[in-house]
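[1] pasting the structure only:
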């Protein structure tokens, strides 16, 4: 019988989705034993809804629970770094929502602590999971797609004033960025997951939709290490919500389902350029087994990693690649320059991409 790991969910906003989509469908792998939130009302709502008896308001109380195996951090982004570090130092396994932390310096510190800790760390990139994204990944990894030519990523979502009524949103100190950090970060991760590492970034950012501190519209031009070209566009001023990823390879063109928050779920449009390629794809996918999307599969594969039955589905290195793109794009927009990757400690924004006037003293 598979081991059941005890979980404490910290932050009952997106944490509710982790429970509903991730832990309940994998009840033979996980049990939510505790929840933590600053709101007594939310603790009561979530605790009652999912029969979680242990409800606390202090994060330190979670770390002191000897029977908790996994700390699942679902708090506002500005709190992630100290919480992740404390949980790793306490020897807990850690799951943390995006963005994992708020700078390249912080992610490097987390990766160092991860090497010392008894616990494993899994950042959350739930869009990676589902039939559509996994079929595309399978075809690319099999070498059938051939040489990558170019790709486009469009993250066109709508966020109006009620969204920013939540006090921590729209502010550098607590959200750590805007559409680039909190929204397009998922489709951009899917893009690099399929197309590989980035060589150079040129980007622009603007605040055009809402009266907030952070950006809500961006565009970027990328050169990939494999020679492919790419463009990224995102705004929170769309009339509706749509995510579209289109990738042109030598032998195949892929286009994602346009679902904003689950582009990996439904089958993607796969267009082979020759009959031979079509036959290779058909053979590769003929015995395809359904892959549940989002948190259900990510949490299940995390369990596999914990028991030694598979690799971590998302790693801190994946988060670093994501945050490197963020850092480079902010720097490019501020300096009007083309930014080469990788970025190390000598980069001007290594310690923080948050504008100096918004940094904590």
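    Sure thing, it's come through. Because the structure is predicted, anything quoted here is derived from the model rather than measured. Numbering: from 1, shown residues only.
[2] so what's residue 263 up against?
    Applying C-beta atoms under 8 Å, 6 or more residues apart in numbering to residue 263 gives the contacts 127, 132, 133, 187, 190, 243, 244, 245, 256, 257. C-betas here are computed from N, CA, C, even on glycine.
[3] can those residues go into JSON lines with extra columns for neighbour count?
    Putting the contacts of residue 263 into JSON lines (neighbours: other C-beta atoms under 10 Å) gives the following:
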{"residue": "127", "neighbour count": "26"}
{"residue": "132", "neighbour count": "25"}
{"residue": "133", "neighbour count": "27"}
{"residue": "187", "neighbour count": "20"}
{"residue": "190", "neighbour count": "22"}
{"residue": "243", "neighbour count": "25"}
{"residue": "244", "neighbour count": "18"}
{"residue": "245", "neighbour count": "27"}
{"residue": "256", "neighbour count": "27"}
{"residue": "257", "neighbour count": "19"}
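[4] will you turn those residues into JSON lines that also has distance to residue 10 and pLDDT?
    Output for the contacts of residue 263, formatted as JSON lines (distance: C-beta to C-beta, whole Å; pLDDT from 0 to 100):
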{"residue": "127", "distance to residue 10": "22", "pLDDT": "97"}
{"residue": "132", "distance to residue 10": "31", "pLDDT": "98"}
{"residue": "133", "distance to residue 10": "28", "pLDDT": "98"}
{"residue": "187", "distance to residue 10": "26", "pLDDT": "98"}
{"residue": "190", "distance to residue 10": "26", "pLDDT": "98"}
{"residue": "243", "distance to residue 10": "28", "pLDDT": "97"}
{"residue": "244", "distance to residue 10": "33", "pLDDT": "98"}
{"residue": "245", "distance to residue 10": "31", "pLDDT": "98"}
{"residue": "256", "distance to residue 10": "31", "pLDDT": "97"}
{"residue": "257", "distance to residue 10": "32", "pLDDT": "94"}
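[5] for those residues, which one is nearest residue 9?
    residue 127 (20.0 Å; C-beta to C-beta).
[6] my guess is the closest one contacts residue 155. True?
    No: at 10.9 Å, residue 127 does not count as touching residue 155 under the criterion of C-beta atoms under 8 Å.
[7] what residues do these two have in common as contacts?
    Contacts common to residue 127 and residue 155, judged by C-beta under 8 Å, 6+ apart, are residue 187.
[8] about what we covered before: with respect to residue 141, which of the contacts of residue 263 is nearest?
    Nearest member of the contacts of residue 263 to residue 141, counting by C-beta to C-beta, is residue 133, at 12.2 Å.
[9] list the contacts of the nearest residue to residue 214 once chain neighbours are set aside.
    Counting by C-beta to C-beta, 6 or more residues apart in numbering, residue 214 lies nearest to residue 178, which is 3.3 Å off, once chain neighbours are set aside. Residues in contact with residue 178, defined by C-beta under 8 Å, 6+ apart, are 170, 205, 207, 212, 214, 215, 216, 236.
[10] and the strand ranked longest in the chain, which residues are buried?
    Determined from DSSP state E, the single longest strand within the chain is strand 237-249. For strand 237-249, burial by neighbour count (16 or more other C-beta atoms under 10 Å) applies to 238, 241, 243, 244, 245, 247, 248, 249.
[11] could I get the contacts of residue 178 as TSV with pLDDT, neighbour count and secondary structure?
    Listed next are the contacts of residue 178 as TSV, based on pLDDT from 0 to 100; neighbours: other C-beta atoms under 10 Å; DSSP: H, G, I helix; E, B strand; the rest coil:
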residue	pLDDT	neighbour count	secondary structure
170	97	22	coil
205	98	22	strand
207	98	16	coil
212	97	19	coil
214	98	23	coil
215	98	23	coil
216	98	23	coil
236	98	26	coil
